[in-house]
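Just need the structure, nothing else, for what follows:
(one chain, ligands or ions: 1)
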Amino acid sequence: MRRARALDIQMQILKWDELLEDRKYLRDKVQAIYLWWHKPVVDRELLQSLPNLKVIANSGVGMDHLDLKLIAGFGVKMANAPHAVSNSTADTGMALLLASARRIIEVAPNVEYCEADLLGVEVTRATLGIIGMGSIGYKIALRTACLKYSVILFYFFFFPVRKEQEEQLVGATYCGKLESLLQQSDFVMVVVSLTPQTRKLIGKREMELMKPTATLINISRGAVVDQEALVSALQDGVIRAAALDVTYPEPLPRDHPLLKLKNVIITPHLGIKTEKTARMITEEAVENILAALHGLPMPNEVKL
Ligand SMILES: O=CC(=O)O
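Here you go, the predicted structure:
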């Protein structure tokens, strides 16, 4: 808001419900949309009804819920919030990794005993493969330094430029092939965005390449992992365990086979949900909106 005043912008914030009512004069005013948790749904009808719309700012990093081509076709700019979300999402990934390694969720209700067969796996000096070296992947790698992890990174093809400086900073080894990352890792952390190229990136074949003692952690989007293949892999001991903050659909139906397995932890897309992150996301969105409205470069513009 301070920034808004400095730039002499008069902002009127409209609630979505107000726009849904048939009040054309309000719709004509709208220049920016801040999408809070994927709402409202941005479809052709909506875009046609907002003739002065210039920018859509998303409250998170993933843009898979948006038809980017359609939006760009209306001449509307788009932005996400990759920096605001990186710490809380990396924390969620680490929490899932540690909880799965030490079987915390499975064991926690049983406070009266500790059976010998409840052995977990050690994380110190394990090998962690991070698929995706965006801002979240990097923050995970940073967090593992104190566990003396051997961190290997696989950049997916939409990170065409290697980030060698970051690799050195976190002591990571770049791994050119997904296959070798899967074969070497004790923990595989999936952090790529969902795109047509990454849909079901981790399927039956990829799980079979993993060690039978390995754990798969997904904090990106459910559809990056083939969920049917995952159920079989977990049932048949192809991999040790999975920890998922994302699934498809969300939430899973109550009778979904994943919910019946002991070697799975599922959290309800908790990734970025902290108070501080919520505030930072909004700040990042406002910065992008103001830049777009002033015709300035947007810090986090998402282009096709
Ligand atoms: O899911 C969270 C995000 O897209 O940032």
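
What parts of this structure come near the ligand?
Contact residues (C-beta under 6 Å from any ligand atom) of the chain with the ligand: 60-62, 85, 271-272. Where you see a C-beta, it was placed from the backbone N, CA and C, and this is true even at glycine.

Please repeat the previous calculation with a cut-off of 5 Å.
60-62, 85, 271 (C-beta under 5 Å from any ligand atom).

how about those in a markdown table, adding pLDDT, distance to Leu216 and secondary structure?
A markdown table is the format used below for the residues of the chain next to the ligand (pLDDT from 0 to 100; distance: C-beta to C-beta, whole Å; DSSP: H, G, I helix; E, B strand; the rest coil):
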| residue | pLDDT | distance to Leu216 | secondary structure |
| --- | --- | --- | --- |
| Gly60 | 91 | 22 | coil |
| Val61 | 92 | 21 | coil |
| Gly62 | 92 | 19 | coil |
| Val85 | 95 | 21 | helix |
| Gly271 | 93 | 16 | coil |
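
Just want the most central residue of this structure.
In the chain, the centroid-proximal residue (C-alpha atoms, centre = their mean) is Ser220; its distance is 3.5 Å.

pretty sure that one is touching Val191, no?
Yes. Under the criterion of C-beta atoms under 8 Å, Ser220 makes contact with Val191 at 5.5 Å.

Do a quick rundown of the helices in the stretch 1-150 of the chain.
With DSSP state H, counting those that start in this stretch as the criterion, the stretch 1-150 of the chain has helices at 2-6, 16-20, 24-27, 44-49, 68-73, 82-101, 104-107, 135-144.

least reliable of those helices going by mean pLDDT?
Of all the helices of the stretch 1-150 of the chain, mean pLDDT reaches its minimum on helix 2-6 (a mean of 42).

returning to what we had before: could you pull out the residues contacting both of Ser220 and Val191?
Gly132 (C-beta atoms under 8 Å, 6 or more residues apart in numbering).

Need the helices of the stretch 1-150 of the chain in CSV (columns: mean neighbour count).
Shown next, in CSV, are the helices of the stretch 1-150 of the chain (neighbours: other C-beta atoms under 10 Å):
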stretch, mean neighbour count
helix 2-6, 10
helix 16-20, 12
helix 24-27, 12
helix 44-49, 14
helix 68-73, 14
helix 82-101, 22
helix 104-107, 16
helix 135-144, 23
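
can you list the ones you listed in a markdown table and add distance to Glu115?
Output for the helices of the stretch 1-150 of the chain, formatted as a markdown table (distance: least, C-beta to C-beta, whole Å):
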| stretch | distance to Glu115 |
| --- | --- |
| helix 2-6 | 57 |
| helix 16-20 | 51 |
| helix 24-27 | 62 |
| helix 44-49 | 55 |
| helix 68-73 | 51 |
| helix 82-101 | 17 |
| helix 104-107 | 9 |
| helix 135-144 | 29 |
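
Check the secondary structure at Leu153 for me.
Per DSSP: H, G, I helix; E, B strand; the rest coil, the local secondary structure of Leu153 is strand.

thought it was touching Cys175?
Yes. The pair Leu153 and Cys175 passes the contact test of C-beta under 8 Å, sitting 6.3 Å apart.

These two - which one has more neighbours?
Set Leu153 next to Cys175 and count neighbours by other C-beta atoms under 10 Å: Leu153 wins out with 26 against 21.

dump the residue contacts of the more buried one.
Counting by C-beta under 8 Å, 6+ apart, the residues that Leu153 touches are 129-130, 133, 137, 141, 167, 172-175, 181.

which of those residues are buried?
129-130, 133, 137, 141, 167, 172, 175, 181 (16 or more other C-beta atoms under 10 Å).

Filter the residues you listed down to the ones in strands?
With DSSP state E as the criterion, strands contain 129-130, 172 from among the buried ones among the contacts of Leu153.

Show me the strands in this structure, by range?
Using DSSP E, strands in the chain cover 32-35, 55-58, 77-79, 127-131, 150-154, 172-174, 187-190, 215-218, 241-244, 264-266.
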